[in-house]
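1. any chance you can model this:
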Amino acid sequence: MFQIALILHLAALVAGGSNSVVMPIVEGRLPGASQAERQALFALANTLSKVGKVAMVILLVTGPVMVWARYGGLADLSVWFWIKMALIVVMLFGIIAGGIAFKRYQSGDAGGLARAGMFGKVTGVAAIGVVVAAVLAFN
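-> As a prediction, the model looks like this:
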């Protein structure tokens, strides 16, 4: 069971993490895009958002499954595990706030794109921290 959860977890990490690479490219092209290009970019962004949401759900389910399968609970986990959990909360905040800001931009709020980008940066830095903390917590 642990190995299946780990495979799903890593696949979700890749799928969700791709947003950290692709979304800044999409957002960077939006201001100068024609109406047709904007529609295509918004469609791409909305698809990436859906993939990211599914990936996050998979991560949030498989993470605890792996912890319980390998460690039997939370009792013996290091401070790095708890740092990882705190950074996941930061990531979730950034993802939700960035998604709201991007939707507002799609609806005509010109400042929404800048806010989405800012929250994207917060999420990206937190994601790097999650990976580092996970390595230190579990190895």
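
2. could you report the pLDDT at the most centrally placed residue in the chain?
-> Geometric centre of the chain, nearest residue: residue 16, 5.2 Å, by C-alpha atoms, centre = their mean. Looking at residue 16, its pLDDT stands at 91.

3. buried stuff in the longest helix anywhere in the chain?
-> Selection of the longest helix in the chain by residue count, based on DSSP state H, yields helix 35-71. Residues of helix 35-71 classed as buried: 41-42, 45, 48-49, 51-52, 55-56, 58-59, 62-63, 65-67 (neighbour count, 16 or more other C-beta atoms under 10 Å). Heads up, the C-betas are built off the backbone N, CA and C, glycines and all.

4. which of the residues you listed sits closest to residue 86?
-> residue 63 (13.9 Å; C-beta to C-beta).

5. please list all residues in contact with that closest one.
-> By C-beta atoms under 8 Å, 6 or more residues apart in numbering, the residues touching residue 63 are residue 9.

6. about what we covered before: gap between the following helix or strand past the longest helix of the chain and the chain center?
-> Sequence order places helix 79-106 as the next helix or strand after helix 35-71, per DSSP states H and E. With C-alpha atoms, centre = their mean, to the nearest Å as the basis, helix 79-106 stands 7 Å off its chain's centre.

7. just checking, what packs against helix 79-106?
-> For helix 79-106, the helices and strands in contact under the criterion 3 or more C-beta pairs under 8 Å, 6 or more residues apart in numbering; DSSP states H and E are helix 35-71, helix 112-138.

8. list the buried residues of it.
-> Buried residues in helix 79-106 (16+ other C-beta under 10 Å): 80-81, 83-84, 87-88, 90-91, 94-95, 97-99, 101-106.

9. what angle do that helix and helix 112-138 make?
-> 160 degrees (axes from the mean of the first three to the mean of the last three C-alpha atoms, to 10 degrees).
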